[in-house]
Every structure is written in C-alpha cells, then in structure tokens.
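Visitor: take a look and give me a structure for this.
(4 chains)
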Number of protein chains: 2
Amino acid sequence: MDEFLQSFKIVINDKIFVKDPESSDLGKKIIEQSILLIHEIGIEKFTFKKLGAVIGSNESSVYRYFENKHKLLLYLTSWYWSWVEYNLVFSTNNISKVKKKLVIAIENITKSIEEDSNFSHINEVVLHKIVINEYSKSYLTKEVDIENKNGYFVIYKRLISRLSMMISDFNPDYEYPSSLASTVLEGSLHQYFLKEHFPTLTDCHKLKSPTAYFTELVLKTLK
Amino acid sequence: MDEFLQSFKIVINDKIFVKDPESSDLGKKIIEQSILLIHEIGIEKFTFKKLGAVIGSNESSVYRYFENKHKLLLYLTSWYWSWVEYNLVFSTNNISKVKKKLVIAIENITKSIEEDSNFSHINEVVLHKIVINEYSKSYLTKEVDIENKNGYFVIYKRLISRLSMMISDFNPDYEYPSSLASTVLEGSLHQYFLKEHFPTLTDCHKLKSPTAYFTELVLKTLK
DNA sequence: CAAAAATAATAGTAATACTATTAATAACTG
DNA sequence: CAGTTATTAATAGTATTACTATTATTTTTG
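Guide: Numbering: from 1, shown residues only, chains lettered A, B, ... in the order given. Just a heads-up that it's a prediction; the model follows:
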C-alpha cells in the first residue's frame, strides 16, 4: 500500500467508542490484539479480562475505550466496511463504463483478502475472517433498531447503497437493486463460511470463487 | 392442516436433547413456551431460569431435557427446517415438470409463514421469526465443526441439497447449484430481516416478496 | 515542576450458566 | 396395592461474566 493511502485515516462514528482507540498506543494495541483474540476464541468467549491479559494491561483500562465487547465488534466491523468502501470508491473512480464499474464493485465486495495491507496496526486478513464469522451477530439483536438510529451501521448501509446504485445504472429497469446488493454482500460472507465449514453447500472451491459466482449471478440477473 | 399430516411426527437427532421433549407434557411445554420467550427477549437474554418461571416449573427440570440453550435452539431450528422440508417434498411430489418443481421449491423455502398450522404445540409463525433472527448464531460458533460431525445440521444440509438438485435438474450445465441453493435459503431469511430493520437495504415490501425476488433471480441465472 | 489525564490494581456486585443434593410426587410393575 | 423407579421441584452452591467503583501510580502536558 502506498503512502497516499497511508495518509488517510478511517473515521468511525464516535458514539461507538468511549475514547478513540486511534488516539493512544494502548488504544491501538486494543484494536490490534482484539482482532487476533476474537478470531482465535470467537466473540462469545472473548472478554475484556482476557484481552487485558494479552496486551499486558488491565480489564478496566479496556473499558475506558469501549463500553462492552459488542461496541468493540461494531467498531471493528465498521472499520472493515469502511476499508472496503474506500477500496471500492477508489477502484471504480473514473471508470465510465457502467458494466465494468459494476464488475469491479462486485469484485471488491466479494473478494477474499489474502494479504495484510500494512495500512495500520489492523490485520485485514484476520479482520475479514472475523466479519465472516461474527458480523451477523452485531445486528441480529433486540437493540438493532436503536443502534441503527444511533448510526452504528451507516457505513455498511452506504456500501450496499453504492452497489445498489451501480446495479440500477447498469439496468434501470431491474426491480430489486437493493435486495440484489444486500444479497451479494451478505451472500459472499456466507459462501466463505460454507467453504470452510459446510463444503457440500457451496461450489466455491479452488478456481471457482465467490467473486466468480456472484459476478455471473448479477450479470445474468440484470440481462 | 389435515389429519393425514397430523399423523406424522417430526423426528430430531436425539443427540441434540437429553430427554425427548415430545415424550412428556413438560417437554412439550418447554418447546411451546421457549419459542415464545426466545422470540420475545432474544436468545442472548433467554435463560432456563426465566423459562422455568414462565412454564411454572424449575430451572433444573429444563436441564433434564436440554444441556443448554444452544442445544435448545438447535432443536427448534432443526424442527423448523424439517417442517419446511416436509412441506417441500409434499408439494413438489408428483410434479414432473422440472421448472414448475423448482419454482414450487423456491416458494416453499422463501415464503413468509402467515398462520399457525396447528400441527402441534409449535407455533410456526413465531418459529419462523426465531429462525430469521437467531439461526445464523447456531452455526457461527467455534464448535460448528464438531457439531456438524455430530449431525446437528443434517436437516438443514439436506434441504439445501434438495434445492440444489432441482436447480441442476433444471439446468445441468449450471456451475453453482449448491451455492445458489444456499444463497436462496440464507438470503431469504436475510431479506425478511432487512424488511423489518433495514428497509432501505431491500426492495421486498408489500407486493414484492422475497419469493418473487428469488424466483426471478434463479430463473434468470439458470437461463 | 505542578496539575491533569491516563492507566493499573484491587475489590466488589448482580447475573449467568450451570452442577449437586435432597425432597416430593407420579407412574409402572410384580 | 405396595414397592420400586422415574420424574419433577426446591434449594443451595460454584465459577465465570460483565460490569462499576475506588484508589494508587504513572505518564503527559502546559
């Protein structure tokens, strides 16, 4: 990743955290290590106490940054979608052909993350895996409507809406652009999960990627 | 629902429960009331203590039927998929036209449940809502591989594989029958969720149903 | 260098997710 | 129908979680 990108900072809704983790070394350590720990033991077994032990710090110090682990998960996943959105906007910019634009957008949203971009202390490869395994849990709650009102899902919604608009640009007559956009995004996470744990429920192995599957699906549907 | 159907019993993998809840009145009460309570407060806040209070029984009595609430959720969702599978097999039986069969199958898997069929003490309308809100959580765990080996997801997998086979029957050249089948099933749950909580991310409102959306999607893709 | 801010350490609480024990009740069996 | 067995209820207890509160110590900054 070049210097140009490094001069950008992903900004997250400040209602999600108590204190901005980007504002201190401890905060960055919290983000860096929580990604690794959540990936390792899963969000259910993850606690601030365990995280404190890993970063050689105290449980109560973590609470100064995040109210609870749910908010931390919202922060991490918001960061991820923001990162995807950035890549999407950047890679579709200046492309005038509507079809090409759409194909690139689908690729950005559905591709597997293979290497850590060194964008920061955040490991995107591991973060992508967290998103696959844990993202649904961040909205499948009884508090989703309040949290949505608080703007905790804006980036996610904006990303889907971007894809939806590109779908409509390609075929203005298509009646389900938003549904198709949300299906691609959510479905892609699901296909990665299936590949790993229920391989008989997917055809995405080796050469056949979720990207290839969804690109074909969208183009045929919009024909 | 007619008497013919009432003479069938949905059978669940007996590793999921400690004691078959169908074998006693208390067991049936546990099932009936847990559906209502999980729907009301969500699986996270649901406890056997609260359930005990609702059914006028003791916490420890519930533990005689299910090891923990996760297993109870697996039981309920397995029951649901079994019920859908039954309906699917029944309604596609004796239909020779491959296309019609596929369309009926998609309808069965994606349709909204509007009324309690009085099949038993189980309220399918509420159960469908639980499946929408909680099903992903039953497999998005660190234990998924062991539990899969134990056969806790067989019904779900069989259902997807049935749809996958119908997709291949309709178009034997299509390269992603399993992925498409899993996308339809999971995607349909997701569209119902979006309709309720993120209406801007879906086009499924009023006349436009998830069923209509997915039927069109599949037929266009397989053309 | 003093004041303020941040962090660490410790303790404490209510709730959760159980296990274990014993008592009461119901069911089934010879 | 008495006696054994199975089932359920009640109570208590434990380790862990998800925090809050307090105080002490360290670090930062003006």
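Visitor: next up, the contacts around residue A:36.
Guide: A:54, A:123, A:126 (C-beta atoms under 8 Å, 6 or more residues apart in numbering or on different chains). Every C-beta, even on glycine, is put in place using the N, C-alpha and C of the backbone.
Visitor: ignoring the adjacent residues along the chain, who's closest to the last one?
Guide: Going back to what we said before, that points to residue A:126. Leaving aside its sequence neighbours, residue A:126 sits nearest to residue A:39 (C-beta to C-beta, 6 or more residues apart in numbering or on different chains; 4.9 Å).
Visitor: and for the residue in chain A that DNA strand D sits nearest to, the neighbour number?
Guide: Residue nearest to DNA strand D within chain A (C-beta to the nearest atom of the strand): residue A:68, separated by 2.8 Å. Using other C-beta atoms under 10 Å in any protein chain shown as the criterion, residue A:68 is surrounded by 11 other residues.
Visitor: which residues of chain A fall in helices?
Guide: For chain A, the helices defined by DSSP state H occupy A:3-6, A:25-45, A:48-54, A:59-63, A:69-92, A:98-110, A:124-139, A:144-149, A:154-170, A:177-197, A:210-222.
Visitor: from the ones you listed, which stretch is densest packed?
Guide: Counting by mean count of other C-beta atoms under 10 Å in any protein chain shown, helix A:177-197 has the highest mean neighbour count of those, with a mean of 24.
Visitor: and that helix, average pLDDT?
Guide: Helix A:177-197 shows a mean pLDDT of 98.
Visitor: pull it out as CSV, backbone CA atoms only.
Guide: Extracted in CSV, the C-alpha atoms of helix A:177-197 (Å, rounded to 0.1, in the frame of the first residue of the first chain):
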residue,chain,number,x,y,z
PRO,A,177,-31.4,-3.4,-6.9
SER,A,178,-31.2,-3.1,-3.1
SER,A,179,-32.1,-6.7,-2.5
LEU,A,180,-29.6,-7.9,-5.0
ALA,A,181,-26.9,-5.7,-3.5
SER,A,182,-27.6,-6.9,0.0
THR,A,183,-27.7,-10.5,-1.2
VAL,A,184,-24.3,-10.1,-2.8
LEU,A,185,-22.6,-8.7,0.2
GLU,A,186,-24.2,-11.0,2.8
GLY,A,187,-24.1,-14.0,0.5
SER,A,188,-20.4,-13.6,-0.1
LEU,A,189,-19.6,-13.7,3.6
HIS,A,190,-21.9,-16.8,3.8
GLN,A,191,-20.1,-18.6,0.9
TYR,A,192,-16.8,-18.1,2.6
PHE,A,193,-18.2,-19.6,5.7
LEU,A,194,-19.7,-22.5,3.9
LYS,A,195,-16.4,-23.2,2.1
GLU,A,196,-14.7,-23.6,5.4
HIS,A,197,-17.4,-25.5,7.4
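Visitor: let me have the contacts of residue A:36 in TSV, adding pLDDT as columns.
Guide: What follows is the contacts of residue A:36, written out as TSV (pLDDT from 0 to 100):
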residue	pLDDT
A:54	90
A:123	93
A:126	96
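Visitor: quick one, what contacts the closest residue to residue A:48 other than its chain neighbours?
Guide: Spatial nearest neighbour of residue A:48, chain neighbours left out: residue A:62 (4.3 Å); criterion: C-beta to C-beta, 6+ apart. Shown in contact with residue A:62 (C-beta under 8 Å, 6+ apart): A:30, A:48, A:51-52.
Visitor: look up how far residue B:213 lies from residue A:84.
Guide: 24 Å (C-beta to C-beta, to the nearest Å).
Visitor: residue A:202 too?
Guide: As for residue A:202, its distance to residue B:213 is 21 Å (criterion: C-beta to C-beta).
Visitor: and what of residue A:80?
Guide: Relative to residue B:213, residue A:80 is positioned 27 Å away (criterion: C-beta to C-beta).
Visitor: and residue A:14, by the same measure?
Guide: 36 Å.
Visitor: before we move on, what about residue A:73?
Guide: As for residue A:73, its distance to residue B:213 is 29 Å (criterion: C-beta to C-beta).
Visitor: pLDDT-wise, which helix or strand of chain A ranks last?
Guide: helix A:3-6 (a mean of 51; mean pLDDT, DSSP states H and E).
Visitor: what residues does chain A have near DNA strand C?
Guide: By the rule C-beta under 7 Å from any atom of the strand, the part of chain A lying against DNA strand C is A:19, A:24-27, A:56-61, A:64.
Visitor: give me the phi and psi angles of the spatially most distant residue from the centre of chain A.
Guide: Distance from the centre of chain A peaks at residue A:173, with 29.3 Å (C-alpha atoms, centre = their mean). When read as degrees, to the nearest 10, the backbone of residue A:173 gives phi -90, psi -10.
Visitor: likewise residue A:67?
Guide: The phi/psi pair for residue A:67 (degrees, to the nearest 10) is phi -60, psi -40.
Visitor: so what's it closest to, chain neighbours aside?
Guide: Of all residues beyond its chain neighbours, the one nearest residue A:67 is residue A:18 (6.0 Å), with distances taken as C-beta to C-beta, 6+ apart.
Visitor: next, work out how far apart that neighbour and residue A:153 are.
Guide: Distance of residue A:18 to residue A:153, given as C-beta to C-beta: 19 Å.
Visitor: more neighbours: the two, which one.
Guide: With neighbours defined as other C-beta under 10 Å, residue A:18 and residue A:153 compare such that residue A:153 has more, 23 against 14.
Visitor: who in chain A is up against DNA strand D?
Guide: Neighbours of DNA strand D within chain A, by C-beta under 7 Å from any atom of the strand: A:45, A:47-49, A:59-60, A:63, A:67-70.
Visitor: in these, find the pair that's most separated.
Guide: Greatest spatial distance in these: A:45 and A:60, 20.1 Å, computed using C-beta to C-beta.
Visitor: any low-confidence regions in chain A?
Guide: Along chain A, segments meeting pLDDT under 70 span A:1-8, A:118-119.
Visitor: rerun at 50
Guide: Low-confidence segments of chain A (pLDDT under 50): A:1-2.
Visitor: what's residue A:63 in contact with, if anything?
Guide: Contacts of residue A:63 were listed using C-beta under 8 Å, 6+ apart, and they are A:18, A:48.
Visitor: typed the wrong thing, it's residue A:70
Guide: Contacts of residue A:70 by C-beta under 8 Å, 6+ apart are A:138, A:141.
Visitor: kindly recompute the last result at 10 Å.
Guide: Residue A:70 is in contact with A:16, A:43, A:137-138, A:141, A:143, A:147, A:152, B:44, counting by C-beta atoms under 10 Å, 6 or more residues apart in numbering or on different chains.
Visitor: which one of the residues you listed sits closest to DNA strand C?
Guide: Among these, residue B:44 lies closest to DNA strand C (C-beta to the nearest atom of the strand), at 7.0 Å.
Visitor: how close does the closest one get to residue B:221?
Guide: Distance, residue B:44 to residue B:221, by C-beta to C-beta: 36 Å.
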